[in-house]
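Asks: this is a predicted model, with the sequence first.
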Amino acid sequence: MAEEVKLFRTWSSPYALRIVWALKLKGIEYETIFEDLTNKSPSLLQYNPIHGKVPVLVHDGKPVCESLVILEYVDETWKHNPLLPQDPYEKSMARFWANFGDDKLMKSIWQLFIAHEKDQDVAAVAALENLKLVEEQLKGKKFFHGETIGYLDLAFGWIANIVSILEEIMSLKLVDGERFPHLSSWIQHFMDAPVIRDCWPPRDKMIIKFQVMRENYLAPATPK
Amino acid sequence: MEETGGVKLLGFWVSPFAQRVKWALKLKGVQYEYIEEDIYNKSPLLSKLNPVYGMVPVLVHNGKPISESIIILEYIDEVWKQAPLLPQDPYERAQARFWAKFAEEKVRQSVWEAMCSSGEEKQKAVKSAVEAFEEFEKELKRRGTKFFGGETIGFVDIVAGCISYQLALHEEVGSIKILDSSKFPAISEWIKNFLNHPLINEGLPQKDQMFAYFSKRSKEIASQKMSHKTA
C-alpha cells in the first residue's frame, strides 16, 4: 500500500527545513504544501489546531506537529539512515543540544539582531557565549554525530543559513573563522552536502524578509 | 538485566522538574541516591554536572550526567524498560511528546507567570493559562482514559503532574482562579486519580512550606520586574 506523506511548510521556515532535509536523507517521497501564515489554509488549521504553525507532517492522514517531535517521528517510522544515535546517553545529549539551540542560542542571536545600538554589546556577549558552547561540541568532529549528517546537524542547520543573512544585515561578523574554527568548518561542510544545499530558500528574499523584520522591531523606539 | 552503576538525582525540594524525575524512577522501581541542592547557593557539584544551565534536576547514571527533566524522562524510559512511560507506536509517541511540550510550556509555565505577575500582565497570563487548560481538558476528554497515557500513568501525566499538587497553591498565592472544577471536570478527575496513586502522593513537599516558598518567590520576582521597569 502506497504511503501518503505531506509536509506543510512556508518558503522560509527554518523549522520546516529540518523536515525537508530529514525526508530527503531518508529518501521519502512526499507532497509539499506551502502555507501563507497570514492566510492559513483550513487544512493547516485542521491538522494543527492548537498552534496553527508549520511544519506539520501528515502521514497517512495523521498529523505530527513541532519540528523536533517530527524529526523523532520520522526517525522511528523510517528506520534506515538513522538520524539519532542508538545509545540512550548520546541520544539525550543530542536532544539537550537541540533544545539549547532553540531555547537559548536562537533567542540570544535574535536578541542581538533586534537590539538597539546601545544594547548591542550586552546582547553580543550572550550570543557569543552560546555559540562557544556549540563550537565545543564540534571539536574533533566533521558533523555533530561524527562523519555523517544526523539529528543535531538538522536541528542546528538554521545556523548555516540564517546567521550569515543576519550578519550581512547587521554588518557584524558573529561566526568568524578565528573564534569559531569548528563551527565555521561545520557550516561549510553542511552547506556543501548534496542533500542540504539544494533546499535553501532564496537568499535575496531572505535578506529582504529579515531586514523588514528588523526595521519593525527597531522603529517604535523613537520617542514621541 | 539490571543496569549496573549508581543512579543519583540532584534536585531541589520544591522543584516540580525534579519531582517529575522522582516519579519516573519510583514508577519503574529504580533505586537512586537523592542529593538535595540549594539552587540559590549552587554547589560545585551542580555546576560541574550541569555547566550549561546550573539547574536541577540532573540525573547521573554510570557517572554521566543528563539535564532537563523531559529529556531525563526519555532517558529513563529507554534504559529501564519496565513500566513504560511512552507508548510503543511512533505516532502515539509523537502525540505524547507534543502534549508533554504543551503541558510544560503552556500549562505549567502560564500558571507560574500568572502567579508572579500583576495588573495587565497577570490578566494576560491568566487568560493564556485558561486557554491552555481548555485544550488539555479537550484532549483528556477525547482520550476518555483514566490517565493521559491510558489506564496507567505515562509520560504526559508525569510532565503535567506538577499541577496536581502545586496549582491550588499557585492560585492562592497569586490570587487567581484557573481550575474551576465545573468547567474542567476531566482535569479535576485526572488530578484526583493521579494523586491517588501511592507512589505519586508519597513524599510530596509539605503544603505550608510550598506556600511560604511560592509567596516569597512571587514577591521577589515582582520586585525584580519593578526594578527593571524603573531602571
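Replies: Arrived safely, thanks for sending. Since the structure is predicted, the reported quantities are computational estimates derived from the model, not experimental observations.
Asks: all contacts plus neighbour counts: C-alpha atoms, from now on.
Replies: Will do.
Asks: report pLDDT for B:E2.
Replies: Looking at B:E2, its pLDDT reads 46.
Asks: so what's the residue most central in space within chain A up against?
Replies: The residue lying closest to the centre of chain A (C-alpha atoms, centre = their mean) is A:W158, at 3.6 Å. Applying C-alpha atoms under 8 Å, 6 or more residues apart in numbering or on different chains to A:W158 gives the contacts A:P14.
Asks: how far away is it from A:V175?
Replies: 13 Å (C-alpha to C-alpha, to the nearest Å).
Asks: tell me the contacts of A:K40?
Replies: Neighbouring residues of A:K40 by C-alpha under 8 Å, 6+ apart: A:G52.
Asks: am I right that it sits in a strand?
Replies: No: read with DSSP: H, G, I helix; E, B strand; the rest coil, A:K40 is coil and lies in no strand.
Asks: ok, which stretches of the chain are helices?
Replies: No chain specified, so I'll use chain A. A:14-25, A:42-47, A:67-77, A:88-100, A:106-113, A:117-137, A:151-170, A:181-192, A:194-197, A:203-218 (DSSP state H).
Asks: actually it's chain B I care about, not the one you picked
Replies: Taking DSSP H as the criterion, chain B carries its helices at B:16-27, B:44-49, B:69-79, B:90-102, B:109-116, B:119-143, B:155-160, B:162-174, B:185-196, B:198-201, B:207-230.
Asks: may I see these arranged in JSON lines, with distance to chain A and mean neighbour count as well?
Replies: Shown next, in JSON lines, are those (distance: least, C-alpha to the nearest C-alpha, whole Å; neighbours: other C-alpha atoms under 10 Å in any protein chain shown):
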{"stretch": "helix B:16-27", "distance to chain A": "14", "mean neighbour count": "22"}
{"stretch": "helix B:44-49", "distance to chain A": "13", "mean neighbour count": "15"}
{"stretch": "helix B:69-79", "distance to chain A": "6", "mean neighbour count": "20"}
{"stretch": "helix B:90-102", "distance to chain A": "6", "mean neighbour count": "20"}
{"stretch": "helix B:109-116", "distance to chain A": "14", "mean neighbour count": "23"}
{"stretch": "helix B:119-143", "distance to chain A": "8", "mean neighbour count": "17"}
{"stretch": "helix B:155-160", "distance to chain A": "14", "mean neighbour count": "24"}
{"stretch": "helix B:162-174", "distance to chain A": "20", "mean neighbour count": "19"}
{"stretch": "helix B:185-196", "distance to chain A": "18", "mean neighbour count": "17"}
{"stretch": "helix B:198-201", "distance to chain A": "25", "mean neighbour count": "16"}
{"stretch": "helix B:207-230", "distance to chain A": "14", "mean neighbour count": "13"}
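Asks: columns distance to A:A22 on top of the ones you listed, output as CSV?
Replies: Formatted as CSV, these follow (distance: least, C-alpha to C-alpha, whole Å):
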stretch, distance to A:A22
helix B:16-27, 31
helix B:44-49, 32
helix B:69-79, 21
helix B:90-102, 16
helix B:109-116, 31
helix B:119-143, 29
helix B:155-160, 26
helix B:162-174, 34
helix B:185-196, 37
helix B:198-201, 39
helix B:207-230, 42
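Asks: can you lay out those as a markdown table showing mean pLDDT and distance to A:D103?
Replies: Below are these laid out as a markdown table (pLDDT from 0 to 100; distance: least, C-alpha to C-alpha, whole Å):
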| stretch | mean pLDDT | distance to A:D103 |
| --- | --- | --- |
| helix B:16-27 | 98 | 17 |
| helix B:44-49 | 97 | 20 |
| helix B:69-79 | 98 | 14 |
| helix B:90-102 | 98 | 13 |
| helix B:109-116 | 95 | 14 |
| helix B:119-143 | 96 | 20 |
| helix B:155-160 | 98 | 18 |
| helix B:162-174 | 97 | 22 |
| helix B:185-196 | 98 | 29 |
| helix B:198-201 | 95 | 30 |
| helix B:207-230 | 90 | 21 |
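Asks: closest one to A:N99 among these?
Replies: Within the helices of chain B, the stretch nearest A:N99 is helix B:69-79; the backing value is 9.6 Å (C-alpha to C-alpha).
Asks: what's the lowest-mean-pLDDT helix or strand in chain A in contact with?
Replies: Here the helix or strand of chain A ranked lowest by mean pLDDT, DSSP states H and E is helix A:194-197, holding a mean of 89. For helix A:194-197, the external contacting residues (C-alpha under 8 Å, 6+ apart) are A:21, A:24-25, A:190-191.
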